[in-house]
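Undergrad: whatever this is, show me its structure:
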Amino acid sequence: MRESDIYLDHAATTPVDARVLEVMLPFFSERFGNPSSIYTIGQDARAGLDWARGTLAELLGCQSRELLFTSGATESNNLAIKGVAWWHRFNAPERGNHLVVSAIEHHAVLHAAESLVAHGFEISFVQPDADGLIQPNAVGAALRPDTCLVSIMYANNEIGTIQPIREIAALAHSRGITVHTDAVQAAGALPLNVDELGVDLLSLSAHKFYGPKGVGLLYVRRRTPLEWQQHGGGQESARRGGTENVPSIVGMAAALALATDEMGERTRRLQQLRDKLTEGILERVPDARLNGHPTERLPNNVNLSFEGVEGETLLLNLDMLGIAASSGSACSTGSTEPSHVLTAIGLSPDTARGSLRLTLGKDTTDAEIKRTIDAVTETVMRVQSLAESET
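TA: Model (predicted):
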């Protein structure tokens, strides 16, 4: 990044905190051993792995043996969804043919669930309300006698809406149904105690909270029915084969510990900057709208839609002004599809294509917010004017 650039896409990824990198570095060099080896260098690596597992367990309020290290949230989500489904298919087929997920999940959940349809499983997609909330009664209405899993994300990655996970979990558990939550965007911003949330499975990815890429975890409550998917040398108590990525796992633990310790101050500051950014743009851009719940949302998330503006055009113009952001649109093979999240909350495809997601980070400054308000306002007004002149 250039020194003058402003990075406002922290929902996509975050830089590794310097303090986290410092903790990781020894495990690339003098503590490089394979943690499965019995000699001293291997046991040095094992000690780091055990420290990370114990630290993360304490942060999540669970037992160390209930944590499984993965390559990231995509693997964690796939293991949770497919693992529960296939366990029931093999062990209790009368109670395992149906899954309930929200229609606004990340594609790592949606596509994992959809892949099961070809094998005879049935999926119910629960629609959100206009603010992006998944109402517990809507989940309840989707449950069936053969439902084996409910998967609802803790906080939405596009619009930032925080879901009533505790209520949804209690409802599902009253019917004996396993509950999974993708908590990727919530980490560092919301409490993650698994007992308070009431979930059986929870997915995290380190690079969303200033840890390294390529590492995540899946919390698996004891006795949760799960068919393990990756077999090999017996690592992770034979639940996931493959030599553990010790440097990154240690980095994930250090990053979550820092994020949890600093969460209160980060949240207060980010909420103030978020609200200033939102209000500044809404006041200056006619017909702009905020997407997602106005208050029950992540402290760093601003998702806006603008009429007569293509999201990709907006992003390219902002990039030229040194501002990195993202759109609710997903590009694929030469065509731009509107965000499934924004259309699910009632936006037209054209309006959804004109969306902008700005996600702040722990180092975002007041000066950067002021500059972003000016840049977004100037860019949107210019693009709208050009569009009008061409019609």
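Undergrad: how is the chain partitioned into domains?
TA: Domains of the chain are assigned by automatic domain parsing as 18-261, 263-390.
Undergrad: wait, which of those is closest to L8?
TA: domain 263-390 (4.5 Å; Cβ to Cβ). Where you see a C-beta, it was placed from the backbone N, CA and C, and this is true even at glycine.
Undergrad: now the closest one: how far from the chain's centre is it?
TA: Domain 263-390 sits 18 Å away from the centroid of its parent chain (Cα atoms, centre = their mean, to the nearest Å).
Undergrad: cool, and stretch 82-96?
TA: The answer for stretch 82-96 is 26 Å, by Cα atoms, centre = their mean.
Undergrad: ok, back up a step: for D9, which of the domains of the chain is the nearest?
TA: domain 263-390 (5.0 Å).
Undergrad: before we move on, the earlier item: need the winner for burial among the domains of the chain.
TA: Comparing the domains of the chain by mean neighbour count (mean count of other Cβ atoms under 10 Å), domain 18-261 ranks first with a mean of 20.
Undergrad: can you give me the helices for the stretch 151-300 of the chain?
TA: 165-173, 194-197, 235-238, 246-261, 263-284 (DSSP state H, counting those that start in this stretch).
Undergrad: in a markdown table, list the domains of the chain along with mean pLDDT.
TA: What follows is those, written out as a markdown table (pLDDT from 0 to 100):
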| stretch | mean pLDDT |
| --- | --- |
| domain 18-261 | 97 |
| domain 263-390 | 91 |
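Undergrad: need those in CSV with distance to D5, can you?
TA: Listed next are those as CSV, based on distance: least, Cβ to Cβ, whole Å:
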stretch, distance to D5
domain 18-261, 18
domain 263-390, 5
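Undergrad: compare the ones you listed and give me the one nearest Y7.
TA: domain 263-390 (4.9 Å).
Undergrad: now do P35 against G264, distance only.
TA: From P35 across to G264, the span is 34 Å (Cβ to Cβ, to the nearest Å).
Undergrad: next, T351: phi, psi?
TA: phi -70, psi -40 (degrees, to the nearest 10).
Undergrad: nearest spatial neighbour of it, skipping sequence neighbours?
TA: S305 (5.2 Å; Cβ to Cβ, 6 or more residues apart in numbering).
Undergrad: what sits opposite the one you found in the beta ladder?
TA: Taking DSSP bridges as the rule, S305 bridges to R289, S355.
Undergrad: so who does it touch?
TA: By Cβ atoms under 8 Å, 6 or more residues apart in numbering, the contact list for S305 reads A288, R289, N291, G328, L342, L347, T351, A352, G354, S355, L356.
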